[in-house]
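Enquirer: with the sequence up front, the predicted model follows.
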Amino acid sequence: MSTTQSERLRELLEPLVTSQGLDLEEIAVDSVGRKRVLRVVVDSDTGADLDQIADVSRALSAKLDESDAMGAGEYTLEVGTPGAERLLKEHRHYVRAVDRLVKFQLTEGGELVARILKVDDDGLDLEVPGVKGRKATARRLGFSEVDKARVQVEFSRKDKNEEEA
């Protein structure tokens, strides 16, 4: 998708997404054979449920039908959320990932897997899991030290309420 088309679509669709109480995270137009697919990723601090996704999908579809932003030809509109292993790019993404395990690619090289405990304007307070029976350790990481960060899927983590019981 050209930058111009991406910018036009964002300008057209972002106010609608925002009016639904969501953030427009990503827009992508992909060609699948002769068909085009417009993928719109939305999210909020509290997540997005199926009803919100359906409402915003209908609103976006109506707006796209009345504009020429997608040009001529058929396309499919897909609206969804970022997914379990989302890439953290914006400050709000880090805030939404508090209490989640994240894999960090560090700017000076190397990786770090840690749980985000707190986020402020300068960086992150983390809990680095202990290895081989050792206790977890605290670590501060500035945003300038992070090259990439991606949420990790945890299958066996106990819920906070189970830990406190």
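Expert: In hand now; what should we look at? Numbers count the residues shown, from 1 in each chain.

Enquirer: which ones are touching the residue positioned nearest the centre of the chain?
Expert: The geometric centre of the chain, computed from its C-alpha atoms, lies nearest to Pro82 (Cα atoms, centre = their mean), at 4.4 Å. If a contact means Cβ atoms under 8 Å, 6 or more residues apart in numbering, then Pro82 has Glu25, Glu26, Val41, Asp43 as its contacts. C-beta here means a position set from N, CA and C on the backbone, and glycine is covered the same way.

Enquirer: in a helix, it, correct?
Expert: No - counting by DSSP: H, G, I helix; E, B strand; the rest coil, Pro82 is located in no helix; its state is coil.

Enquirer: check what pLDDT it gets.
Expert: If you check Pro82, the pLDDT there is 88.

Enquirer: from Val95, how far out is Ser57?
Expert: To Val95, Ser57 is 25 Å away according to Cβ to Cβ, to the nearest Å.

Enquirer: neighbour count: those two, which is higher?
Expert: In this view Ser57 and Val95 are compared by other Cβ atoms under 10 Å, and Ser57 has more residues nearby, 17 against 14.

Enquirer: the more buried one: what's it in contact with?
Expert: Contact partners of Ser57, counting by Cβ under 8 Å, 6+ apart, are Leu77, Val79.

Enquirer: need the three-state assignment for the residue lying farthest from the centre of the chain.
Expert: No residue in the chain sits farther from the centre than Gly133, which is 32.6 Å out by Cα atoms, centre = their mean. With three-state DSSP as the basis, Gly133 sits in coil.

Enquirer: which other residues reach stretch 104-123?
Expert: Here stretch 104-123 makes contact (Cβ under 8 Å, 6+ apart) with 91, 94-95, 97-103, 124-129, 136, 138-149, 152.

Enquirer: 10 Å instead?
Expert: Under the contact criterion Cβ atoms under 10 Å, 6 or more residues apart in numbering, stretch 104-123 has outside partners 88, 91-103, 124-129, 136-152, 154, 157.

Enquirer: now a PyMOL select for only the buried ones of these.
Expert: Here is the PyMOL command that picks out the buried ones among those, judged by 16 or more other Cβ atoms under 10 Å:
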select buried, resi 88+93+94+96+97+100+101+102+124+125+126+127+141+146+149+151
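
Enquirer: thank you kindly, that will do.
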